[in-house]
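Undergrad: I need the structure of the sequence given here:
(one chain, ligands or ions: 2)
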Amino acid sequence: MSGDGAAVPVRRAAGVLVVALISALGLVVSGQELPAGAGRDDILKRCVSCHETDLMTQQRLTRAGWGRTLDKMVRWGAVVEPADRDAMLDYLAAHFAPTPAASHLVATAASEAVYKRACLMCHEADIIESQRLSRVGWVRSVDKMIRWGADVPAADKEALIDYLAARFRPR
Ligand code: HEC
Ligand code: HEC
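TA: Ligands and ions are numbered 1, 2, ... in the order given. Next up, the predicted model:
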């Protein structure tokens, strides 16, 4: 990535100035949209003096990607204590990770269709969605419903269980 280390481009610097001005006027409340978690305080302290949190929360990066961004921000003037770096990276990587690939989304849409067709025939969704079960728990639940008459094709069963386990898992 040549150019990353260069001085902040003028257009960007101007944008930052506007953000800083708005912040100074108190119109922007920094950090409101950052979820709680270890490392959050450091992010608020070190990362929102030049721009709002949205620049971060819009990104979806791997931990390595966040490492590169952090290094770039340090080159641009952010202060990151070496002792805080890991916690900040853990936080960013945990909350702003890459979204699943499109193929996964398609699979999910298919699973959702199975769910709606097979599981909402006898009762409403709330009886299902108020449950918080592990994957094993959902296997038992789906097996029970199949015994009770739910029509889940064998080929769709795993995907349906994945769907349920991903959405309605123990808190
Ligand atoms: C010294 C000022 C400054 C600090 C402090 C700062 N940034 Fe930035 N950051 C910038 C500038 C300038 C941009 C480019 C803004 C633009 O494109 O409008 C930017 C952009 C970003 C972007 C958008 C993607 C990109 O790479 O351009 C992310 C993500 C980001 N910063 C994360 C962080 C994180 C995490 C921290 C805390 C370690 C941080 N920033 C601290 C100046 C700063
Ligand atoms: C043939 C009818 C029928 C179908 C189809 C059906 N269920 Fe049920 N389900 C029931 C009945 C009957 C109950 C008990 C309702 C009650 O307790 O009021 C129930 C209750 C539940 C409960 C509440 C906890 C429990 O075990 O009693 C869950 C969770 C559940 N179903 C999940 C599912 C899922 C997931 C599917 C799709 C695979 C599904 N159901 C499809 C009949 C069905």
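
Undergrad: so who does residue 91 touch?
TA: 37, 38, 39, 40, 42, 43 (CB atoms under 8 Å, 6 or more residues apart in numbering). C-betas here are computed from N, CA, C, even on glycine.

Undergrad: and for residue 84?
TA: Residue 84 sits next to 39, 42, 46 when contact means CB under 8 Å, 6+ apart.

Undergrad: you'd agree the second one is up against residue 90?
TA: No: using CB atoms under 8 Å, residue 42 is not in contact with residue 90, being 10.6 Å away.

Undergrad: quick check: residue 55 vs ligand 2, distance?
TA: 40 Å (CB to the nearest ligand atom, to the nearest Å).

Undergrad: what's the mean pLDDT across the host helix or strand of that residue?
TA: Element membership of residue 55 [criterion: DSSP states H and E] is helix 54-57. Mean pLDDT, helix 54-57: 90.

Undergrad: where does residue 8 land on pLDDT?
TA: Residue 8 is given a pLDDT of 52.

Undergrad: also residue 166?
TA: Looking at residue 166, its pLDDT reads 88.

Undergrad: need the longest helix for this structure.
TA: helix 102-119 (DSSP state H).
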